[in-house]
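Peer 1: The sequence and its predicted three-dimensional model are supplied below.
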There are 2 protein chains.
Amino acid sequence: MTGTRAAYHHGDLRRALLAAALEAIEEVGPAALSLRDLARRAGVSHAAPAHHFGDKAGLLTALAAQGFDLLAQTLTAAGDDLLGAGVAYVDFAVRRRAHFEVMFRPELYRADDPELLAAQGKARAALRAGVAALPTRGAPADADRDALAAWSIAHGFATLWLAGALPDRVGDNPREAARAVLRRLSG
Amino acid sequence: MTGTRAAYHHGDLRRALLAAALEAIEEVGPAALSLRDLARRAGVSHAAPAHHFGDKAGLLTALAAQGFDLLAQTLTAAGDDLLGAGVAYVDFAVRRRAHFEVMFRPELYRADDPELLAAQGKARAALRAGVAALPTRGAPADADRDALAAWSIAHGFATLWLAGALPDRVGDNPREAARAVLRRLSG
DNA sequence: GTGTCATCTTGTCAATGGCAAGATAGGATT
DNA sequence: AATCCTATCTTGCCATTGACAAGATGACAC
């Protein structure tokens, strides 16, 4: 975070633009995001966003960093329970869809941004902590493999859910459906 | 497929544009795809693509359909072995990256296109067949859940691999790395 | 009161997607 | 063979967008 800047002409344009971006992304996806549309939503001129974020990649970088921060918080709050962490991961993807969709599309933002890297580090650590509780099925050396498996299944389910690729019979409750699927790994 | 059209002015523009699109997507991603760029690559005027595909969504729809067809073929060739099918799925995502990235981004194409739906059906059937060999861990009613789990873990690993989100230590061989992770489910 | 700087606006340009109208050429019909 | 027909492709155009440059505005320090 660059910190909560004081209110200037607009009030808090940076925050307003990020909020507008989340709305817009939920409506049309991250690819079709238009800076000029964000400016209109915020009631400022078409060039105002450039000042705060440089360009579109800069804005998406800020969103991705915010997303990784939120994910780290979410996973930390979920605690050491692997199943709970997995469900929390899927739930995050669905409820913070805009964030999630940007986070895992690095071609849209600047992957070398310091704030982004810091947030990614936090999320990575939280992920690892949540997976640490996984009962290793074999030798301790398999821990890495197990962690990847857990991350993969949660991420895959979340991605397929967001893409609308899952059959109808999985229902409309992501937490419930995720729990059923994730149990396949822990059980 | 609308069929292999005869060679007119260009020769086989439709096919050439699809091939150019695959190249371009591998370079800049599906979002940044430019129809005019494709036209330049194929050596035709900027409006030529519109005739064959209508608009950008039309072109991506064709690519997605082609992708689901190829995936169905790949999974069918992999046979009934669950582990093999999972590895084939990940391998497909990496080697046919452009196709894969379009296929699971339905906001970019027309999800109600008949050819696309047909290809999706084939892929879905092939997926189900590959998963049928999974040793069900509980009651037979868990088959659906197990199928979703298998699909999720393969899809998640593939997606994370493509996003470059996986730690370096997983190596650079997707088939090998996928096999290790997927074994966690079967074993 | 003045200067300074972040903030925001206005104006502009190249690139893009999409549309309309026209040109071209292969194949069918007579 | 002459003509029509239709798919194919081109040229021209317009609105939108991202990015940049230069200027206006207002908060704050001194």
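Peer 2: Happy to help now that I have it.
Peer 1: Next one: the one residue in chain A that gets nearest to chain B, what pLDDT does it get?
Peer 2: Nearest residue of chain A to chain B: A:Gly156, at 2.5 Å (Cβ to the nearest Cβ). Placement of C-beta: from N, CA and C, glycine included. A:Gly156 carries a pLDDT value of 98.
Peer 1: Nearest residue to it in space, please, no chain neighbours.
Peer 2: B:Gly156 (2.5 Å; Cβ to Cβ, 6 or more residues apart in numbering or on different chains).
Peer 1: what number of residues lie near that neighbour?
Peer 2: For B:Gly156, the neighbour count with other Cβ atoms under 10 Å in any protein chain shown is 25.
Peer 1: can I assume it is in contact with A:Ala154?
Peer 2: Yes - if you go by Cβ atoms under 8 Å, B:Gly156 and A:Ala154 touch, sitting 6.9 Å apart.
Peer 1: Low-confidence bits of chain A, can you list those?
Peer 2: For chain A, the stretches flagged by pLDDT under 70 are A:1-10, A:133-141, A:187.
Peer 1: Go again with 90.
Peer 2: Low-confidence segments of chain A (pLDDT under 90): A:1-11, A:79-80, A:128-146, A:185-187.
Peer 1: mind checking how far the residue nearest to A:Gly156 is from B:Ala165?
Peer 2: Using Cβ to Cβ, to the nearest Å, B:Gly156 is found at 10 Å from B:Ala165.
Peer 1: Tell me which residues touch A:Arg105, please.
Peer 2: A:Pro30, B:Gly29, B:Ala163 (Cβ atoms under 8 Å, 6 or more residues apart in numbering or on different chains).
Peer 1: What are the phi and psi values at it?
Peer 2: phi -130, psi 70 (degrees, to the nearest 10).
Peer 1: Show me which positions of stretch A:16-25 end up buried.
Peer 2: A:Ala16, A:Leu17, A:Leu18, A:Ala20, A:Ala21, A:Leu22, A:Ala24, A:Ile25 (16 or more other Cβ atoms under 10 Å in any protein chain shown).
Peer 1: Residues contacting that stretch, please?
Peer 2: A:10, A:33-34, A:37-39, A:41-42, A:48-49, A:52-53, A:59-60, A:62-63, A:66, A:97-99, A:101-102.
Peer 1: again with stretch A:45-52
Peer 2: Contacts for stretch A:45-52 (Cβ under 8 Å, 6+ apart): A:His10, A:Leu13, A:Arg14, A:Leu17, A:Leu35, A:Arg36, A:Leu38, A:Ala39, A:Arg40, A:Ala42, A:Leu59.
Peer 1: buried subset of these?
Peer 2: Applying 16+ other Cβ under 10 Å to those flags A:Leu13, A:Arg14, A:Leu17, A:Leu35, A:Leu38, A:Ala39, A:Ala42, A:Leu59 as buried.
Peer 1: right, and the last one touches A:Ala39 too?
Peer 2: In this case it means A:Leu59. No - A:Leu59 is beyond contact range of A:Ala39, at 11.2 Å (criterion: Cβ under 8 Å).
Peer 1: max-length helix in chain A?
Peer 2: In chain A, assigned by DSSP state H, the helix with the most residues is helix A:56-78.
Peer 1: quick one: the very next helix or strand once past that one to chain centroid distance?
Peer 2: Once the chain leaves helix A:56-78, the next helix or strand it forms, by DSSP states H and E, is helix A:82-95. In terms of Cα atoms, centre = their mean, to the nearest Å, the gap separating the centre of helix A:82-95 from the centre of its chain is 11 Å.
Peer 1: Likewise for stretch A:56-74?
Peer 2: Distance, centroid of stretch A:56-74 to centroid of chain: 7 Å (Cα atoms, centre = their mean).
Peer 1: One more: stretch A:36-49?
Peer 2: Using Cα atoms, centre = their mean, the offset of stretch A:36-49 from its chain centre is 24 Å.
Peer 1: Please export the C-alpha coordinates of stretch A:29-36 as PDB.
Peer 2: The C-alpha coordinates for stretch A:29-36 follow below in PDB (Å, rounded to 0.1, in the frame of the first residue of the first chain):
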ATOM      1  CA  GLY A  29     -13.700  -9.500 -17.200                       C
ATOM      2  CA  PRO A  30     -10.200  -8.200 -16.700                       C
ATOM      3  CA  ALA A  31      -9.400  -8.200 -20.400                       C
ATOM      4  CA  ALA A  32     -12.200  -5.900 -21.400                       C
ATOM      5  CA  LEU A  33     -11.400  -3.400 -18.600                       C
ATOM      6  CA  SER A  34     -11.300   0.200 -19.900                       C
ATOM      7  CA  LEU A  35      -9.500   2.900 -18.000                       C
ATOM      8  CA  ARG A  36     -11.800   5.500 -19.600                       C
END
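Peer 1: what's next to it, contact-wise?
Peer 2: A:21, A:24-25, A:46, A:49-50, A:55-56, A:59-60, A:98, A:101-102, A:105, A:108, B:30-31, B:105, B:107-108.
Peer 1: at 6 Å instead, please
Peer 2: By Cβ atoms under 6 Å, 6 or more residues apart in numbering or on different chains, the residues outside stretch A:29-36 that reach it are A:Ala24, A:Ile25, A:His46, A:Pro49, A:Lys56, A:Glu101, A:Val102, A:Leu108, B:Ala31, B:Glu107.
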